[in-house]
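Colleague: Requesting a structural model of the entry that follows:
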Amino acid sequence: MKKIILTSILIWLAIICKADYRSIFLPGLIEKSELIAHIKIVKDLNGNFEAEILNQIKGKINSKKIIVKKFEDWTCAQRWSKYLIGQEELIFLKKHKKENYWVIMGAGNEGEMPIEKEILYYKSPIYKSKYFEEEKFCELKNGKITAVKFELDIAIEGIKSYLNEIEKIKEKLDNKTLIKFYPKNKFYLRAINEKILRNRWKFDEAEIEKRKFIKK
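Modeller: Okay, the predicted model is just below:
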């Protein structure tokens, strides 16, 4: 009887997650965000936090400090740690339509990527895919995360390159040549690989299987 109840609960939770949570992948974060920045948390404001912008990558904002709505853990997604002053992260944001604060993108907290010692920790919604290197368990100063590590400067350079060539990417996707596009920057390449898989219906399965998604 207990097994039946437990199974029912798990099925119910899976249904809730599927209904309420739609993953946002790296290309979506880059394309749809209004602000991308390397930030440091400087003040706890209960449901929000104040962040100092260390490096603004995308967006139009003159202030060096912003207010951000905290991500709230729920059934299907949890932040890697509690919010603490001094934490650094690469953050992808949209401005709240009515209030004067920013909202983190992604119901699964995809829009927050922790940074420690110039290393970015990227946790993908499709980390179990056979097309990518395996994500590894990482102990951070104030938490833990299963992720792939990128050098911070490589990640920032990759995002800038993606933004600079966004029209070219769309054109390559439309004419189906994106499948043969291999950027040299590893983070940019990761974004392109996810873009291809999110639009795999545009390509023949044989093309997908031939592509070298994991570049050693």
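
Colleague: which stretches of the protein have low pLDDT?
Modeller: 1-22, 127-128, 215-216 (pLDDT under 70).

Colleague: quick one, helices of it?
Modeller: In the chain, the segments counted as helices under DSSP state H are 2-20, 26-32, 152-164, 166-174, 186-198, 205-210.

Colleague: Mean neighbour count and distance to Lys82 added to these, as JSON lines?
Modeller: For every residue, glycine as well, the C-beta is placed using N, CA and C. Conversion of the helices of the chain to JSON lines gives the following (neighbours: other C-beta atoms under 10 Å; distance: least, C-beta to C-beta, whole Å):
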{"stretch": "helix 2-20", "mean neighbour count": "10", "distance to Lys82": "22"}
{"stretch": "helix 26-32", "mean neighbour count": "20", "distance to Lys82": "23"}
{"stretch": "helix 152-164", "mean neighbour count": "18", "distance to Lys82": "22"}
{"stretch": "helix 166-174", "mean neighbour count": "14", "distance to Lys82": "35"}
{"stretch": "helix 186-198", "mean neighbour count": "22", "distance to Lys82": "27"}
{"stretch": "helix 205-210", "mean neighbour count": "11", "distance to Lys82": "40"}
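
Colleague: Out of those helices, which is closest to Ile61?
Modeller: Ile61 lies closest to helix 152-164 among these, at 15.7 Å (C-beta to C-beta).

Colleague: relative orientation of the closest one and helix 166-174 in degrees?
Modeller: Orientation check (axes from the mean of the first three to the mean of the last three C-alpha atoms, to 10 degrees): helix 152-164 against helix 166-174 gives 70 degrees.

Colleague: Show residues contacting helix 152-164.
Modeller: Contact with helix 152-164 is made by 27, 30, 36, 38, 55, 57-58, 90, 115, 118-120, 122, 150, 169, 183, 185-192, as judged by C-beta atoms under 8 Å, 6 or more residues apart in numbering.

Colleague: All set, thanks.
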